[in-house]
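# Here is the input, now give the coordinates:
(chains A and B)
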Amino acid sequence: MKSTMSLVKPAMRGLLAKRLRFHLPIAFGLALVAAVAFKFTVTEPRKQAYADFYKHYDSMKEFSAMREAGVFESVRPTGK
Amino acid sequence: MFSHVLLKVSSDRLWSFSSTASVAARSYSHGKQETDEEFDARWVTYFNKPDIDAWELRKGMNTLIGYDLVPEPKILEAALRACRRLNDLASAIRILEAVKDKSGPHKEIYPYVLQELRPTLSELGIPTPEELGIDKA
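As a prediction, this is how the structure comes out:
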């Protein structure tokens, strides 16, 4: 029967170890979830966007458009 | 020998936090593991040195505080008596503050330690931070 006059001895060793044993797996798990979430919400859509953009990209057509717009120094627009 | 470590744990002891493994001064798992009782006895002996000097007191306390444990009342009693021999009341009170700090969120530890140390505190005339009103900022 615990008396209120005398406190019982609490745990005094390994308190940090106990805390880490609980929190570190959670921390690693959350970090892993964050990485996976980032991969599938950012990197994969971004990769797909690039792939879609370049799937039907006509570099000569784009070059000609830029040439005619006069942004190059190495080639002048046709007709000049 | 009293190397300054916070929590150095060897790789294969990483999750084996048994009651005897609260400190690891070296990161090896071979060799005899010191029991809690041996650890406590060693530290009581350290502070009980009759001619302990101020440096050894500070060194001992700082090393002890670096471990993943709150020192046992019997170790603290030996340290407080060493403070008495060195006429160092400031360190005695600081030791009590350190115990409270080491307890962290476990608020039941400090009152227990004070309970166990009460006879020694009365004998040596050491006030607690609470009695001095210096426990609040």
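# can I assume B:Ile126 is in contact with B:Leu80?
Yes: when contacts are counted by CB atoms under 8 Å, B:Ile126 is listed as touching B:Leu80 (6.3 Å). C-beta coordinates here come from the backbone N, C-alpha and C atoms, glycine included.
# Just want the most central residue of chain B.
Residue closest to the mean C-alpha point of chain B, counted by CA atoms, centre = their mean, is B:Pro71 at 3.5 Å.
# and it, what does it touch?
Residues in contact with B:Pro71 (CB atoms under 8 Å, 6 or more residues apart in numbering or on different chains) are A:12, B:43, B:64, B:79, B:99, B:102.
# Find the residues that touch each one of B:Ile126 and B:Leu80.
Common neighbours of B:Ile126 and B:Leu80 (CB under 8 Å, 6+ apart) are B:92, B:120.
# any weak-confidence spans in chain B?
Applying pLDDT under 70 to chain B flags residues B:1-28.
# Mind doing that once more with 90?
B:1-32, B:137 (pLDDT under 90).
# Which parts of it are helices?
Using DSSP state H, the helices found in chain B span residues B:36-47, B:54-65, B:73-85, B:89-103, B:109-124, B:129-132.
# any idea which of those is most buried?
Among the helices of chain B, judged by mean count of other CB atoms under 10 Å in any protein chain shown, the one packed with the most neighbours on average is helix B:73-85 (a mean of 21).
# Fine by me, thanks again.
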